[in-house]
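**Q** The following comprises the amino acid sequence and a computationally predicted model.
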Amino acid sequence: KVPFTFRVPGRDDQEAEGEGWPAALADFPLGQWIADARRFYARGDMDEGRVEQLEKLGMVWSHFDVAWEEGLAAARGWAAEAGHLLAPLDATYQGYRVGIWLKNARAAARKAQVIEQRRAGGLPVESVAGALSDERREQLGDIDPSWCPAWPVEWQRCFHLVRLHLEAGGELPTEPGEVVHQGEDLGRWVRSVGLGWDKLSTVQQWMCEQVLGIEPAAEDERPPLRRTQADKWAMNYEAAKQFFEREGHLRVPRKHVEWIAVGGDVSGGSGEKQEVRELGLGAWIGNQRSRAATLSPERVELLSAIGMRWT
């Protein structure tokens, strides 16, 4: 892997004498000679004997192969220090941007998986360009079998770090800021796993439950669901209906506040506790009137049915 601009040190260069370069090779453009050899090889113009001679010296025929070997070496070095190959995007090793390199390798590996799935299903494959070869996937898998998970790398990295923390004798972190390792807040991650349990795949759930001992959050631990804009509109509409049924019109003062019970039922038989909400009905009615042109026909019809005056 000789840089293209490399030349053998000159006769008067102390480096040449120190490294044992023959005097006859002084100033020889070795980088250019290697590049020419690669070009001859690619055209099929190189004698087999010369091919064998160069390969015994470790010749890398493709520039793409050179780039791969450099990235692979950086990945090995980074993994040796971090204990895994789930590097964040900004990760570097001795100046090499190993995080970006791994991101690109994962994209190529996933493309290879898609191609394999299409072939297995008898579907056509337009191109295999950019797909990672089996050999290269194996090379990365030898460093870390979980290097290319089916879910986000960030999730797998936190899982791995929590597992290492437990194996070292630590307790499962459950609060944000409790344990931070390699820049990851493990307590925050554990908490998010429990709260987002239903969004995990079956495999992820099994890993968290059986390997780490994480359980889904109980109902009373979950934050209240955020209401959508449609939910909010429906609640204000119910308040408007309540006002109309009581007053017989929908001429609501701008500052009027309407109290409305949500959840449960009148008899309490559902077991769900009712909640009383305070809604600024007057302001809401004014907003609906000013936005009449952008309201859906269904909403216009609903409000008109309970006495809405649009002008």
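**A** Arrived safely.
**Q** low pLDDT regions in the stretch 101-250 of the chain?
**A** 220, 222-225 (pLDDT under 70).
**Q** For it, just list every one of the strands.
**A** For the stretch 101-250 of the chain, applying DSSP state E, counting those that start in this stretch gives strands covering 180-181, 184-185.
**Q** Next, give phi and psi for the most centrally placed residue in the chain.
**A** The chain has residue 152 as the residue nearest its centroid, 3.9 Å off, counting by C-alpha atoms, centre = their mean. Residue 152 adopts backbone torsions of phi -60, psi 140, taken as degrees, to the nearest 10.
**Q** picking up where we left off before, mind checking the strands of the stretch 101-250 of the chain for the one nearest to residue 66?
**A** Nearest to residue 66, of all the strands of the stretch 101-250 of the chain, is strand 184-185, at 33.4 Å by C-beta to C-beta. From N, CA and C alone the C-beta is placed, and that goes for glycine too.
**Q** for the strands of the stretch 101-250 of the chain, which one ends up most surrounded?
**A** strand 184-185 (a mean of 18; mean count of other C-beta atoms under 10 Å).
**Q** which other helices and strands contact it?
**A** helix 153-167 (3 or more C-beta pairs under 8 Å, 6 or more residues apart in numbering; DSSP states H and E).
**Q** Domain-wise, how is the protein divided?
**A** 14-61, 64-143, 153-221, 229-305 (automatic domain parsing).
**Q** Turn the ones you listed into TSV, including distance to residue 3.
**A** Converted to TSV, the domains of the chain look like this (distance: least, C-beta to C-beta, whole Å):
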stretch	distance to residue 3
domain 14-61	5
domain 64-143	10
domain 153-221	32
domain 229-305	60
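**Q** returning to what we had before: in JSON lines, list the strands of the stretch 101-250 of the chain along with distance to residue 134.
**A** Shown next, in JSON lines, are these (distance: least, C-beta to C-beta, whole Å):
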{"stretch": "strand 180-181", "distance to residue 134": "33"}
{"stretch": "strand 184-185", "distance to residue 134": "31"}
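**Q** To residue 136, which of the ones you listed lies closest?
**A** Nearest of those (C-beta to C-beta): strand 184-185, 27.6 Å.
**Q** which outside residues touch that closest one?
**A** 157-158, 161, 176-177, 179 (C-beta atoms under 8 Å, 6 or more residues apart in numbering).
**Q** average pLDDT across stretch 288-303?
**A** Across stretch 288-303, the average pLDDT comes to 90.
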